[in-house]
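Chemist: below is the sequence, then the predicted model.
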Amino acid sequence: MAKVTLQTIADRLGVSRATVSYAFSRPDQVSAELRRRVMEVADELGYAGPNPTARSLRLGRAGALGLLFSETLAYAFADPYAVGFFQGLATAAEDAGVGLLILPLPHGDKRTEPVRNAVVDAFCVVSLPDGHPALDEVLGRKLPVVVVDEPYVPGHPFLGIDEPAAGALAARHVLELGHRRLGVAMVGLHDDGHIGWADVARQRAATFEAMRGRRDGYQAAAEEAGVDWAGVPFYELSRNSREAGRQAGHALLARSPRPTAILTNTDVLALGVLDAAADLGLDVPGELSVVGFSDSAAQDAGLTTIRQAKQEIGAEAGRLLLAGAPARPERLLFPHSLIVRASTAPPPLERH
């Protein structure tokens, strides 16, 4: 029998999940009649209410999970990957009857006060660079911690994907199509605001562990195919936006010889590269192949990309933090897959 959740009851009654959550945790926010109906259906389905341990956290302590990530608040609600992850985490919190306290730390922001002053019962840390002082502050609070994407912290649960393998899968796809003139556009290597060309030394010194691994995968696959990585033009960006991708696309496509395939580490950047190709009148995939990453807002554009389980990762992070017992300090790697669509094909000279 499937697990009964707040959403199960909401679907039965034709109301929102939040309404059912209020019936349990904030009964003053719903009518007596609606609360009675919610309780009747809950009893019928054998649902005793939100997780007792999580409910005790809410009633006896802060009743909130802290979500710490290295971007702006506006970005969190606009980036397709971030939105998917947050939906998964928020669903787990809502089912448990606890809230989320969002603690954004935009690139370059080294403050620790938001963490020190946060009234929370646990932390979910998402994509912080190596050595960020806020992470030390989190660990110093001695609260439950789950890390997502980066950095790996020994002794605490880690959720993510096999980044080198995923990067290699993306690069290998275009290499197997016959491409040898590659270009790369990446964001999230460093948090120093750099925009422009990045040589191999700067690439390898990236302070964001996940992006460092993804880039390593690109390089490994290229070198397996006999491509000299030092000769691959690599354009670094400081923000993950479509306009930034367009800027990178123009820079890469101005090279001589021009790349026939461009790898990007986000779908948003890939969409910008497609914009640049359109500006220049280049046919995709006839004259240029483009590969994104994450499968967020990619389908409508026909974008070939790497799919990762963003909502599932968010939900599992919430489950671990609300389980009521210390989570095992293990690396939980979620599956990824190559999704081939209309933005990739053999290079022009390979066509017959």
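Modeler: All right, it came through fine. Residues are numbered from 1 along each chain as shown.
Chemist: so the closest residue to residue 156 other than its chain neighbours versus residue 137, what's the distance?
Modeler: Closest residue to residue 156 apart from its sequence neighbours, by C-beta to C-beta, 6 or more residues apart in numbering: residue 145 at 4.8 Å. Every C-beta, even on glycine, is put in place using the N, C-alpha and C of the backbone. Residue 145 is 11 Å from residue 137, where distance means C-beta to C-beta, to the nearest Å.
Chemist: partner residues bridging the residue nearest to residue 156?
Modeler: residue 123 (DSSP bridges).
Chemist: ok, it - contacts?
Modeler: 122, 123, 124, 125, 138, 139, 153, 156, 157 (C-beta atoms under 8 Å, 6 or more residues apart in numbering).
Chemist: not counting sequence-adjacent ones, nearest residue to residue 119?
Modeler: Leaving out its chain neighbours, the residue that sits closest to residue 119 by C-beta to C-beta, 6+ apart is residue 62, at 4.6 Å.
Chemist: what about the one you found, which helix or strand?
Modeler: When elements are assigned from DSSP states H and E, residue 62 belongs to no helix and no strand.
Chemist: that one is in contact with residue 123, isn't it?
Modeler: No: at 11.4 Å, residue 62 does not count as touching residue 123 under the criterion of C-beta atoms under 8 Å.
Chemist: comparing the two, which residue is more hemmed in?
Modeler: With neighbours defined as other C-beta atoms under 10 Å, residue 62 and residue 123 compare such that residue 123 has more, 27 against 17.
Chemist: show the pLDDT at residue 256.
Modeler: Reported pLDDT at residue 256 in the predicted model: 97.
Chemist: what's the spacing between it and residue 181?
Modeler: Distance from residue 256 to residue 181, counting by C-beta to C-beta: 10 Å.
Chemist: and the two? which has more neighbours close in?
Modeler: Taking other C-beta under 10 Å, residue 256 and residue 181 do not tie; residue 181 has more neighbours (16 against 4).
Chemist: re earlier: quick one: the residue nearest to residue 119 from residue 141, how far?
Modeler: Applying C-beta to C-beta, the value for residue 62 to residue 141 is 12 Å.
Chemist: go on, residue 346?
Modeler: Distance, residue 346 to residue 141, using C-beta to C-beta: 53 Å.
Chemist: ok, those two, which is more surrounded?
Modeler: The neighbour count for residue 346 versus residue 141, taken as other C-beta under 10 Å, is higher for residue 346 (18 against 15).
Chemist: quick one: residues contacting the more buried one.
Modeler: Going by C-beta under 8 Å, 6+ apart, residue 346 touches 177, 178, 179.
Chemist: repeat for residue 126
Modeler: 67, 68, 69, 70, 85, 147, 148, 149.
Chemist: the fifth one: neighbour count?
Modeler: By other C-beta under 10 Å, 31 other residues sit near residue 85.
Chemist: same thing with the fourth one?
Modeler: The burial count assigned to residue 70 is 23, neighbours taken as other C-beta under 10 Å.
Chemist: that one contacts residue 107, doesn't it?
Modeler: Yes: the criterion here is C-beta under 8 Å, and residue 70 meets it with residue 107 at 6.1 Å.
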